[in-house]
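Chemist: have a look at this fold, sequence not included:
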Ligand code: FDA
């Protein structure tokens, strides 16, 4: 029978970080993954350029039912630590938005660094390997796998969440947690595009591919970033961000003039100076032309400016700066970047990711109920939680 000090299920971001950390400590480490490639989500991340960390990551960038849980691991392994790692390998990268570090060339470079480090640390990675059964032993675990039985002292669950099943995502991590009597907090697709009702889509789908800067809000949460119209609804960074805080049935509010304070005064002034011009002409100077035309059709903003009363202009301002949209739903796990909810962190040590009352069992990464905002925070959580467990397994 194959034996190893540590078995890690999942060769994603968290699993690989945990593996190399434990390997360098002299532990024998075996990583099992049912996929045909390690780190598939790393490869597809950041539009192929992997936003591998965020230099400004703080616990406030994470959602969890147990908000203090992430503090310790994030302190222990910081964005600077990951930057130090990639610098040692000569990775070329840039800061795309404040704090967000992306590869200059390809996500493949980040995966290559992790795999090289795993190789140097003596980690054994077995792909296309499924785990059928896990049985606790007196001092560890026995796994039934497609490559036979394996015994280990420490078992780390790094199976990720439910997003993008075509990339190998499964609920296996949750099944294991349940097997050991742990609670799973309700899961939901997050960082995900919205879909719209057919009547709304009829007007907006022709804008597919158009992007503009907006401030989107839902309840007390707001994000000012680009928004993208798609043939199914709305996407882009601002929408992905707000999707994490949105509940089905809720309305989101779009401000198409996020930097303009006195929009009503601007419109009044324009009416005075160009009474014969249409509102559409003015709007097309402020917004992408296709969007201006669509808004005018949608709200029936026809006729010259001089026909607009102050009351009507106020309505225009409201529709431009507080445009209420009720999404019909989200695109779901099919395209979501992350899964909200998951293994209840109250079962885990925030320092080591060990399960409190089950010796030598650990959960790391997205499988647990810690979800980052958009911008490199999710990988930082994978690195930090993987490192914390890797330092003790
Ligand atoms: P991850 O999902 O990476 O790994 C889990 C591994 O477990 C997989 O290899 C899977 O095959 C394996 N597995 C699952 N079930 C199994 C089973 N039953 N048996 C064996 N193996 C099993 N984040 C960020 O910070 N910056 C970014 O730029 C992006 N971009 C991005 C784009 C897209 C399209 C997606 C979908 C996601 C992102 N993310 C991101 C999020 C980020 O990819 C994610 O949070 C991390 O990959 C989570 O790392 P984990 O290791 O926890 O899971």
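Modeler: Here it is on my side, so go on. Quantities reported herein were computed from a predicted structural model and do not represent experimental measurements.

Chemist: if I pick the nearest residue to residue 286 once chain neighbours are set aside, what's in contact with it?
Modeler: Once flanking residues are discounted, residue 286 sits nearest to residue 257: 7.1 Å by CB to CB, 6 or more residues apart in numbering. All C-beta atoms are positioned from the backbone trio N, CA, C, and that covers glycine. Applying CB atoms under 8 Å, 6 or more residues apart in numbering, we find residue 257 in contact with 263, 286, 320-321.

Chemist: any idea which element residue 257 lies in?
Modeler: Using DSSP states H and E, residue 257 sits within no helix or strand.

Chemist: confidence score at it?
Modeler: With respect to pLDDT, residue 257 has a value of 97.

Chemist: and it, how far from the ligand?
Modeler: Per CB to the nearest ligand atom, to the nearest Å, residue 257 is found 29 Å from the ligand.

Chemist: and that residue, its phi and psi?
Modeler: Main-chain torsions, residue 257, degrees, to the nearest 10: phi -120, psi 70.

Chemist: try the one 4 residues further on
Modeler: For residue 261, the backbone dihedrals (degrees, to the nearest 10) come out as phi -90, psi -50.

Chemist: is the nearest residue to residue 237 once chain neighbours are set aside bridged to anything, and to what?
Modeler: Distances taken as CB to CB, 6+ apart place residue 225 nearest to residue 237, at 4.0 Å, with adjacent residues excluded. Following DSSP bridges, residue 225 is listed with bridge partners residue 214.

Chemist: what number of residues lie near residue 225?
Modeler: 19 (other CB atoms under 10 Å).

Chemist: so which residues make contact with the helix or strand of the chain with the lowest mean pLDDT?
Modeler: Using mean pLDDT, DSSP states H and E, helix 198-204 stands out as the lowest-scoring helix or strand of the chain, at a mean of 93. Applying CB under 8 Å, 6+ apart, the external contacts of helix 198-204 come out as 196, 229, 232-234, 294, 297-298, 325.

Chemist: mind redoing it with 10 Å?
Modeler: 195-196, 205, 208, 210, 229-234, 291, 294-295, 297-298, 325-328 (CB atoms under 10 Å, 6 or more residues apart in numbering).

Chemist: before we move on, what about stretch 88-106?
Modeler: 43, 45-57, 61, 79, 82-83, 85-87, 109-110, 112-114, 116-117, 225, 237, 374-377, 379-380.

Chemist: can you flag the buried ones in those?
Modeler: Among the contacts of stretch 88-106, those scoring as buried are 43, 45-46, 49-55, 57, 61, 79, 82-83, 85-86, 109-110, 113-114, 117, 225, 237, 374-377, 379-380 (criterion: 16 or more other CB atoms under 10 Å).

Chemist: tell me the residues of the stretch 151-300 of the chain that contact the ligand?
Modeler: 158-160, 163-164, 168-170, 172 (CB under 6 Å from any ligand atom).

Chemist: contacting residues for the closest residue to residue 136 other than its chain neighbours?
Modeler: Once flanking residues are discounted, residue 136 sits nearest to residue 358: 7.3 Å by CB to CB, 6+ apart. By CB under 10 Å, 6+ apart, the residues touching residue 358 are 136, 141, 155, 180-182, 347.
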